[in-house]
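Trainee: return atomic coordinates for the entry below.
(one chain, ligands or ions: 2)
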Amino acid sequence: MSEKTPPDTGLNGAGEGAEGSGSGVDMPWDSGVPVRQADAGTRLPDLQDVSVLQEMKVRVHRQLLERLNLSNIDALDKAQVVEEIRKVVHDLLAREATPLNYDEREDLVTQILDEIFGLGPIEPLLQDPTISDILVNTYNRVFIERNGRLERTDVRFKDDRHLLQIIDRIVSAVGRRIDDSSPMVDARLADGSRVNAIIQPLALDGPHLSIRKFKKDVLSAPDLLRTESLTPAMLELCQGIVKARLNVLISGGTGAGKTTLLNMLSESIPAVERIVTIEDSAELQLRQPHVVRLETRTANVEGAGAVSQRHLLINALRMRPDRIIMGEVRGAEAVDMLQAMNTGHDGSLTTLHANNARDALARLETMISMAGLNLPEKGMRQQIASAINVLIQVERLSDGQRKIVSISEITGMEGEIITMQDVFVYERQGVDEAGNVVGRFRATGIRPRFTDRMMAYGVELPLSLFSNIEA
Ligand SMILES: Nc1ncnc2c1ncn2[C@@H]1O[C@H](COP(=O)(O)OP(=O)(O)OP(=O)(O)O)[C@@H](O)[C@H]1O
Ligand SMILES: [Mg+2]
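Mentor: Ligands and ions are numbered 1, 2, ... in the order given. Reported below is the predicted structural model:
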């Protein structure tokens with residue numbers, strides 16, 4: 001295969017492909033490997049010799065470019081273009097020596113369309129609802145997360161250049177660029193999926209692309225009970241906590257389920273309340289009728305126009321919110337969030353990245369220091385202890401299960417130390433033969449002090465809920 005520069009997106013100019021002849025044409029997706037084996041849906045025919053199919057794809061792709069001018073494709077009606085391409089590809093395939101059945105031809109049409117309109121070889125992964133994350137570690141190593149577990153797929157790009165073209169397509173669609181001077185970009189796909197791309201020289205081995213797919217059907221309370229992420233008693237407590245307008249901090253590692261839990265907790269917010277959400281990348285899907293959704297903005301190519309969570313929070317406070325939900329605190333905005341919680345905006349919810357509850361409090365302190373207020377350590381801790389009532393820790397276990405591993409009440413300060421007490425904990429007991437974690441949820445027997453406040457809000461929980469005789 002010659003190393004001719006491939007066309008920009010694989011298909012954006014009628015002239016490019018026409019220049020090539022015979023098998024020397026360099027199509028971006030001509031990887032020499034079936035590109036969709038990991039996909040549960042369509043697959044290449046087993047009967048066919050893969051290399052014959054690959055060659056056929058290249059040939060047909062090239063002929064398609066000769067026939068159709070796709071350079072102004074964005075201006076055309078997509079449905080019409082798809083129909084046109086489908087017709088031409090079927091027509092071209094009919095002239096091929098190796099006959100393909102209808103399904104095989106359709107499969108090829110899909111792959112070509114994925115190159116033109118989608119994200120090439122990973123498009124089927126994007127369409128597969130059982131996949132939650134797509135992680136591309138250079139062109140030939142594509143991993144997915146499915147049911148909480150990482151798997152390697154057979155999907156691959158032709159080479160790093162092909163991968164870079166797809167990354168470029170993603171980031172340019174949101175008005176950003178990726179190159180030597182800006183080798184690290186966050187973006188979002190049209191469907192809301194979160195994307196991060198990082199290339200050389202920062203990524204040593206080549207371009208990397210990480211996609212957290214947007215889940216249209218977020219997991220709600222019954223789903224989390226089904227996945228045994230918590231018990232009915234813990235759910236009842238969580239719902240009471242939100243109804244009683246306690247301030248909640250959810251903490252957990254990457255992909256542990258923080259946003260999912262935040263979304264689930266929000267379900268308990270009464271429909272009459274005005275909710276303002278602040279996120280770096282809008283993921284929350286609240287069902288209440290009165291929701292104001294705010295999203296930060298990164299600087300443009302000239303480095304101007306950035307709007308941070310901090311700015312948005314200050315603005316949100318002027319919008320008469322009943323509740324403020326911040327998707328995740330990462331830096332100085334933690335100060336404003338705590339201040340808001342301390343000054344009457346109770347019932348606020350947020351998350352942060354930490355591996356255990358104690359660590360979460362330490363991270364908050366670090367974030368407060370980042371705001372440059374020069375508060376003494378004790379002052380910072382007082383702020384934290386008085387602002388946050390409940391700390392919920394979530395964890396992604398080694399087998400992919402997501403669990404609420406503790407629900408703790410922040411009770412105040414003792415000397416210099418923030419005091420808290422666990423109300424529910426998850427106890428890991430071992431691992432079975434299949435590698436699944438075995439454990440159990442347990443009430444610690446402590447009845448949290450905030451139950452008084454709950455009662456004031458009409459939330460009455462049976463005492464037995466906190467009994468450690470039966471979790
Ligand atoms: N309790 C759960 N049971 C099963 N799957 C879950 C659960 N919670 C989250 N998930 C799945 O795990 C993935 C990550 O969830 P989520 O986005 O909530 O995590 P996160 O901690 O917010 O991640 P990040 O650190 O990237 O922000 C999603 O695909 C989600 O559907
Ligand atoms: Mg999250």
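
Trainee: what sits closest to Gln239 if chain neighbours are left out?
Mentor: Excluding the flanking residues, the one nearest Gln239 by Cβ to Cβ, 6 or more residues apart in numbering is Ser268, at 4.4 Å. Bear in mind the C-beta positions are built from the backbone N, C-alpha and C, glycine included.

Trainee: and the gap between that neighbour and Asp359?
Mentor: As judged by Cβ to Cβ, to the nearest Å, Ser268 and Asp359 stand 27 Å apart.

Trainee: closest residue of the stretch 151-300 of the chain to ligand 1?
Mentor: Residue nearest to ligand 1 within the stretch 151-300 of the chain: Gly257 (2.8 Å; Cβ to the nearest ligand atom).

Trainee: OK, contacts around the residue nearest to that residue when sequence neighbours are not counted?
Mentor: Leaving aside its sequence neighbours, Gly257 sits nearest to Arg402 (Cβ to Cβ, 6+ apart; 4.0 Å). By Cβ atoms under 8 Å, 6 or more residues apart in numbering, Arg402 lies in contact with 148, 227, 229, 256-257, 260, 394-396.

Trainee: just to revisit the earlier point, pretty sure the residue of the stretch 151-300 of the chain closest to ligand 1 sits against Arg396.
Mentor: Yes. Assessed by Cβ atoms under 8 Å, Gly257 is found in contact with Arg396 at 6.9 Å.

Trainee: what is the least confident helix or strand in this protein?
Mentor: One helix or strand of the chain scores below all others by mean pLDDT, DSSP states H and E: helix 14-19, with a mean of 34.

Trainee: send the alpha carbons of the helix or strand just after it over as CSV?
Mentor: Sequence-wise, the next helix or strand downstream of helix 14-19 (DSSP states H and E) is helix 50-67. Output in CSV follows, covering the C-alpha atoms of helix 50-67 (Å, rounded to 0.1, in the frame of the first residue of the first chain):
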residue,chain,number,x,y,z
VAL,A,50,-11.1,-10.4,4.3
SER,A,51,-8.4,-9.0,1.9
VAL,A,52,-10.7,-9.4,-1.1
LEU,A,53,-13.3,-7.4,0.8
GLN,A,54,-10.9,-4.8,1.8
GLU,A,55,-9.8,-4.4,-1.8
MET,A,56,-13.3,-4.2,-2.9
LYS,A,57,-14.0,-1.5,-0.4
VAL,A,58,-11.1,0.6,-1.6
ARG,A,59,-12.1,0.2,-5.2
VAL,A,60,-15.7,1.1,-4.5
HIS,A,61,-14.8,4.0,-2.3
ARG,A,62,-12.6,5.4,-5.0
GLN,A,63,-15.2,5.0,-7.7
LEU,A,64,-17.7,6.7,-5.5
LEU,A,65,-15.5,9.7,-5.2
GLU,A,66,-15.2,9.7,-9.0
ARG,A,67,-18.9,9.7,-9.4
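
Trainee: give me the element whichever residue of the chain sits closest to ligand 2 is part of.
Mentor: Scanning the chain for proximity to ligand 2 using Cβ to the ion identifies Thr259 as nearest, at 3.3 Å. Using DSSP H and E, Thr259 sits in helix 258-266.

Trainee: elements contacting that helix?
Mentor: Applying 3 or more Cβ pairs under 8 Å, 6 or more residues apart in numbering; DSSP states H and E, we find helix 258-266 packed against helix 221-226, helix 232-243, strand 248-252, strand 349-353, strand 390-396.

Trainee: so what's Leu126 closest to, chain neighbours aside?
Mentor: Distances taken as Cβ to Cβ, 6+ apart put Leu119 closest to Leu126, at 6.3 Å, once the chain neighbours are dropped.

Trainee: what residues does this structure put near ligand 2?
Mentor: Contact residues, the chain versus ligand 2 (Cβ under 5 Å from the ion): 258-259.

Trainee: break the chain into its domains for me.
Mentor: The chain breaks down by automatic domain parsing into domains covering 14-212, 221-466.

Trainee: just checking, Asn389 touches Phe450?
Mentor: Yes. The pair Asn389 / Phe450 is scored as a contact, 5.8 Å apart, by Cβ under 8 Å.

Trainee: overlap in contacts, the two.
Mentor: 241, 246, 409.

Trainee: residue contacts, the second one?
Mentor: Residues counted as contacts of Leu246 (Cβ under 8 Å, 6+ apart) are 346-347, 389-390, 450, 453.

Trainee: what do you get for Asn140?
Mentor: Asn140 touches 156-157, counting by Cβ under 8 Å, 6+ apart.

Trainee: hang on, it in a helix?
Mentor: No. Under DSSP: H, G, I helix; E, B strand; the rest coil, Asn140 falls outside any helix and is assigned coil.

Trainee: from Gly206, how far out is it?
Mentor: Asn140 is 9 Å from Gly206, by Cβ to Cβ.

Trainee: and what of Ile410?
Mentor: In terms of Cβ to Cβ, Ile410 sits 45 Å off from Gly206.

Trainee: ok, those two, which is more surrounded?
Mentor: Ile410 (25 against 18; other Cβ atoms under 10 Å).

Trainee: how many neighbours does the closest residue to Lys57 other than its chain neighbours have?
Mentor: Once flanking residues are discounted, Lys57 sits nearest to Leu108: 6.2 Å by Cβ to Cβ, 6+ apart. Leu108 has 21 neighbouring residues, counting by other Cβ under 10 Å.

Trainee: can you name the residue of the stretch 1-150 of the chain nearest ligand 1?
Mentor: Ser132 (3.2 Å).

Trainee: so what pLDDT did Leu391 get?
Mentor: On the pLDDT scale, Leu391 is placed at 98.

Trainee: I'd assumed Arg212 was in contact with the residue of the stretch 1-150 of the chain closest to ligand 1.
Mentor: Yes. Using Cβ under 8 Å, Ser132 makes contact with Arg212 at a distance of 7.2 Å.

Trainee: okay, those two: which has more neighbours?
Mentor: Per other Cβ under 10 Å, whichever of Ser132 and Arg212 has more neighbours is Arg212, with 20 against 17.

Trainee: and the closest residue to the more buried one other than its chain neighbours, what are its bridge partners?
Mentor: Spatial nearest neighbour of Arg212, chain neighbours left out: Arg194 (4.3 Å); criterion: Cβ to Cβ, 6+ apart. According to DSSP bridges, the partner residues bridging Arg194 are Arg188, Arg212.

Trainee: can you count the residues close to Arg194?
Mentor: Neighbours around Arg194, by other Cβ under 10 Å: 18.

Trainee: wait, it sits on Lys215?
Mentor: No. Counting by Cβ under 8 Å, Arg194 sits too far from Lys215 to count as a contact (11.0 Å).

Trainee: Phe441 is nearest to which of the helices and strands packed on helix 258-266?
Mentor: helix 232-243 (6.6 Å; Cβ to Cβ).

Trainee: show me the shaky parts of the stretch 351-471 of the chain.
Mentor: Within the stretch 351-471 of the chain, the ranges that satisfy pLDDT under 70 run 469-471.
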